[in-house]
Structures are given as structure tokens and as C-alpha cells.
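Student: Just a sequence and a predicted model for now, questions to come.
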Amino acid sequence: MTTRQTGRRTPVVPLEAGAGPDNPPCPACGEPLFGWIDDRHGPAGPVRRCESCGLGAVGEVGDAAEAMQELDRLGDGRSVGIANRGSLSASLGGAGWAGLERGSRYLYTPEAVRRLVARRDQVVKTARWSPGRSLALMWQTLLNSATFGHDLVLGTAAKSARTWQRRIDWLTVAVLAVPALLLAILLELAGAISGRGSVYFIEAEAL
């Protein structure tokens with residue numbers, strides 16, 4: 001017997017129902033943050049993500065002012081370049097996503113940026129996909145899935161713990177570099193077409 005036949009509907013649970021000590025509010029939109037990557041795989045503690053605006057928070061979660069301050073450090077006063085936590089590469093990579101740079105507290109999406117800048121009476125003017133940087137990030141993410149250490153090509157992460165691991169990693173990169181690049185081109189184009197590209201440059205202006 002179907003739900004329609006019985007006259008019952010599947011209950012819809014609002015995001016607010018998940019709020020609690022383990023799910024602190026998102027600095028950008030106030031909705032609860034849920035677990036995404038645990039302590040063992042996060043760059044500096046667990047990584048949480050917002051189901052509403054997509055913002056990611058590493059370790060302890062701060063407030064909107066803190067998230068805005070880190071966002072400003074990613075720009076030049078006119079625009080900011082963000083690794084999109086809502087991208088296809090982030091979904092595929094998880095803990096191996098190349099956008100998980102050490103030292104970062106927040107992982108942004110275009111929507112999270114829009115909500116953050118609105119708090120200081122700004123609107124997003126443009127959000128441009130960056131083909132070159134996006135392809136590099138997708139490519140490195142794919143390579144990360146096959147190596148002990150992460151981000152060897154981009155050079156933004158710590159080295160593998162042991163010398164033999166580093167040697168195997170570089171051999172793996174040498175063998176998989178071209179096939180991974182071809183696959184990265186296809187996946188990143190698919191991500192960009194669906195609005196889930198890896199890197200965006202965002203410009204905001206005052207209301």
C-alpha cells in the first residue's frame with residue numbers, strides 16, 4: 001500500500017531539529033552544521049558542513065565575524081578566490097579533497113559568501129568559475145586518492161611520513177598523471193556546467 005493510498009505523508013524534519021552541542025550554528029546562515037570529515041582525516045580536527053549554504057568549518061566553530069575575516073584574507077580587496085566546498089571535486093575527494101588546505105578554518109561556497117557579505121550590506125556582483133585553478137584542484141584531488149601523502153603536485157601539504165612512502169607517491173604520480181588529468185578535465189567540465197566548479201572568483205559590492 002502506497003503512502004498516497006493510506007493518506008499519510010513522509011514527515012519532513014527541518015534542519016533546526018538537528019541543532020545541538022554537536023551541531024553548532026553555521027556562521028554564514030545560522031543553520032546547524034553536521035559532520036563531514038572526522039578527527040582522523042580532517043586537517044586540524046573534524047570538519048563540519050552546512051546543508052543550507054554549504055559552508056565548511058574545521059575544528060572549533062567561530063562566529064560570522066571570524067568567518068568573514070578569513071574570507072577577506074583570501075582576496076585583494078576587490079574579489080576573493082575560493083575553493084568551492086560544494087564542488088564536484090569536494091564530493092568526490094572527501095578527506096582527500098585538495099581544497100582542504102592546512103591552516104584553513106572555513107571552507108566556502110559561493111552561496112556561503114553571498115550570505116556572509118550580506119551581513120555587511122554587500123551583494124555578490126559576479127561569481128566566475130576559474131578553469132585553470134579548478135582543473136588543477138580536481139587533478140590533485142584525483143591523485144590524492146592514490147597516494148599516501150596529499151597535494152604532492154600542488155605542494156601545499158605535509159610530506160608523507162616515511163621516505164619509502166614519498167618514493168611510492170611520486171612513482172604513482174608519474175604513472176597516473178596523464179590519465180588523471182584527462183579524467184579531471186571531464187569531471188571539472190561537468191562540475192562547472194552544473195554550477196559545482198572547484199574554484200570561483202567572487203566580487204561583491206555595496207548595496
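Tutor: That came through, no problem.

Student: switch to C-alpha atoms for all contacts and neighbour counts from now on
Tutor: Fine.

Student: Just to check, residue 108 is in contact with residue 84?
Tutor: Yes. Applying CA atoms under 8 Å as the test, residue 108 and residue 84 come out as touching, 5.8 Å apart.

Student: quick one: the helices in the chain?
Tutor: Here the chain has its helices, by DSSP state H, at 3-6, 64-73, 88-93, 110-118, 131-144, 163-193.

Student: Now these in TSV, please, with extra columns for mean neighbour count and mean pLDDT.
Tutor: Output for the helices of the chain, formatted as TSV (neighbours: other CA atoms under 10 Å; pLDDT from 0 to 100):
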stretch	mean neighbour count	mean pLDDT
helix 3-6	8	46
helix 64-73	16	94
helix 88-93	20	96
helix 110-118	21	96
helix 131-144	23	96
helix 163-193	15	94
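
Student: In CSV: those helices, plus distance to residue 201.
Tutor: Listed next are those as CSV, based on distance: least, CA to CA, whole Å:
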stretch, distance to residue 201
helix 3-6, 45
helix 64-73, 12
helix 88-93, 17
helix 110-118, 9
helix 131-144, 10
helix 163-193, 13
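
Student: Tell me which of these lies nearest to residue 46.
Tutor: helix 88-93 (15.5 Å; CA to CA).

Student: Determine the set of other helices and strands touching that closest one.
Tutor: Helices and strands touching helix 88-93, by 3 or more CA pairs under 8 Å, 6 or more residues apart in numbering; DSSP states H and E, are helix 131-144, helix 163-193.

Student: Turn those into TSV, columns for distance to residue 35.
Tutor: Compiled in TSV, these are given as follows (distance: least, CA to CA, whole Å):
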stretch	distance to residue 35
helix 131-144	20
helix 163-193	23
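
Student: which one of the helices of the chain lies closest to residue 58?
Tutor: Set against residue 58 and scored by CA to CA, the helices of the chain come closest in helix 64-73, at 11.1 Å.
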